[in-house]
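Chemist: return a 3D structure for these sequence lines:
(one chain, ligands or ions: 1)
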Amino acid sequence: MNVDLAVIGLGYVGLPLAHAAVHEGMNVLGFDVDEAVVRDLNAGRSPVDDLSDADIRRMRDAGFLATTSESDLDGSDVVAVCVPTPLTEDAGPDLGAVREAMTTVARCLRTGMLVVLESTTYPGTTDEVIRPLLEQTGLVAGRDFNLAFSPERIDPGNEVFGLRNTPKVVGGHTAACTDRAAAFYGRFVDTVVRARGTREAETAKLLENTYRHVNIALVNEMARFCHELDIDLWDVIRCAATKPFGFEPFYPGPGVGGHCIPIDPHYLSHKVRAKLGYPFRFVELAQEINATMPDYVARRAQNLLNDHDRAIKSATVLLLGVTYKPDVADQRESPAVAVARRLRALGATVLYHDPHVQTWGLGGDSVSRVDDLDTALQTADLTVVLQGHSDYDGETIAAKASQVLDTRGITPRSPTVEHI
Ligand SMILES: NC(=O)c1ccc[n+]([C@@H]2O[C@H](COP(=O)([O-])OP(=O)(O)OC[C@H]3O[C@@H](n4cnc5c(N)ncnc54)[C@H](O)[C@@H]3O)[C@@H](O)[C@H]2O)c1
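Modeler: Just a heads-up that it's a prediction; the model follows:
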């Protein structure tokens, strides 16, 4: 079969890419090592929030096939690798899945192929890790095949910006590699931005996420002293955000979650430290501040109960929203886990409510789910808003709950509501 695009890694990044290419009329194959993912996809079930089962069935009807069989990749014109890039136990980059996926690609590499890495990674990965691995075949990047890095900017749950209308950065190993990758993505992305090379494209992605990480840390640090000084930080941000230039609002919260913000800046700081021997101080400070937020939220909960003559030991605390961002089911790296652990360690009985999460545990230790939100709001000693899902009505929460600690600013301030 002639395959226009083979996508390796069929998750939050790989599937929307496959979907866009199928929509463009391309012949698309999906390869994943997880048999359950492949089985689900071929049965028309979506494993990600952004695509429905109906989307997957339409892709399948248009010829999309998921496979675990490496030999199916033979004859692919373009291969895009979208596998996870997590951290090792000592918080360094774990390129295990990328190496494994690229070893698979090497076995089917042929003259004229375009290979693109989309996984977020540290600068130099494409040139120093991927290229040598692929060139072991005897084929040379830029001469026999094209090699590029193009960072994924997918924002799960974002209904305004998707793959088509989010500019796509591409950086090739050579100018011709960039041209080839730009022409490929230009078929289904409105704007393609050419980076000078693979390193610039890799670093651009890390700059984007580090920028968020640092600015979230800035407001998280401000949240502490604004509380002490009796300044409403949410109002401060609302006012500052009216400046039509030079300011972008960021909001405090219970910590950072997801697969990007808590992880990607480590890739950059690790590279700076390993290669140059000195720290990337902004990143390290932001990590330190953001990592302390769950503990800060638990202490604020304890103080709030104390202010109302209630000891946290034996109090019932209801957590609202345990995913890492609003309106999705994705719980990866969600700070809600650390908040719940801390509250439990302080002796509280912890319950949760989340319209997107049916069961929730703290590493094997399950937390009771509340179905009847109204009753739970009335009976809990304290309600902590951890995620601002659009299903949550701040007015109702403030009216019904006996005490509220709101880490997302969705409730109106009142004598029974405190914002972090
Ligand atoms: N999720 C996002 O919103 C997002 C946004 C931008 C960038 N990224 C980056 O994109 C990359 C992929 O993230 P994701 O969220 O799609 O991950 P994911 O966990 O949703 O999906 C990754 C898929 O890759 C598969 N896989 C793992 N090793 C494999 C291998 N050797 N061969 C084939 N398949 C393999 C897994 O089984 C899984 O199905 C990461 O580097 C991430 O940082 C993610």
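
Chemist: the residue in the chain that the ligand sits nearest to in helix, strand or coil?
Modeler: Of all residues in the chain, G11 sits closest to the ligand, at 1.8 Å by Cβ to the nearest ligand atom. C-beta here means a position set from N, CA and C on the backbone, and glycine is covered the same way. Per DSSP: H, G, I helix; E, B strand; the rest coil, the secondary structure class of G11 is coil.

Chemist: in contact with it, which residues?
Modeler: G11 makes contact with 37, 47-48, 82, 84, according to Cβ atoms under 8 Å, 6 or more residues apart in numbering.

Chemist: quick one: the strands in the stretch 101-250 of the chain?
Modeler: Along the stretch 101-250 of the chain, the stretches classed as strands by DSSP state E, counting those that start in this stretch are 114-117, 146-149, 168-172, 192-194.

Chemist: the third one pairs with which strands, and in what direction?
Modeler: Which is strand 168-172. The pairing partners recorded for strand 168-172 under DSSP bridges are strand 146-149 (antiparallel), strand 192-194 (parallel).

Chemist: hmm, the first one in reach of the ligand?
Modeler: Read it as strand 146-149. No: applying Cβ under 6 Å from any ligand atom, one finds strand 146-149 out of contact with the ligand, separated by at least 11.4 Å.

Chemist: which parts of the stretch 1-150 of the chain sit against the ligand?
Modeler: Contact residues (Cβ under 6 Å from any ligand atom) of the stretch 1-150 of the chain with the ligand: 8-14, 31-34, 37, 82-85, 97, 100-101, 104, 119-120.

Chemist: would you agree G361 falls within a strand?
Modeler: Yes: under three-state DSSP, G361 sits within a strand.

Chemist: tell me the contacts of it?
Modeler: V367.

Chemist: change the start of the numbering to 38 and stick with it
Modeler: Sure thing, new numbering starts at 38, so read that last one as G398.

Chemist: okay, it: pLDDT?
Modeler: Per-residue pLDDT puts G398 at 85.

Chemist: which strand residues bridge it?
Modeler: Note on G398: beta-bridge partners S403, judged by DSSP bridges.

Chemist: how about stretch 379-390: buried residues?
Modeler: Across stretch 379-390, burial judged by 16 or more other Cβ atoms under 10 Å covers 379-381, 383, 385-390.

Chemist: equivalent analysis for stretch 118-128, please.
Modeler: Across stretch 118-128, burial judged by 16+ other Cβ under 10 Å covers 118-122, 124.

Chemist: how far away from the center of its chain is it?
Modeler: Relative to the chain's own centre, stretch 118-128 is displaced by 13 Å; criterion: Cα atoms, centre = their mean, to the nearest Å.

Chemist: then stretch 442-457?
Modeler: Put simply, stretch 442-457 sits 26 Å off its chain's centre (Cα atoms, centre = their mean).

Chemist: neighbouring contacts of that stretch?
Modeler: Stretch 442-457 is contacted by residues 260, 264, 269-271, 288-291, 333-334, 337-338, 341, 358, 419-425, 429, 431-432, 434-435, 438-441 when judged by Cβ under 8 Å, 6+ apart.
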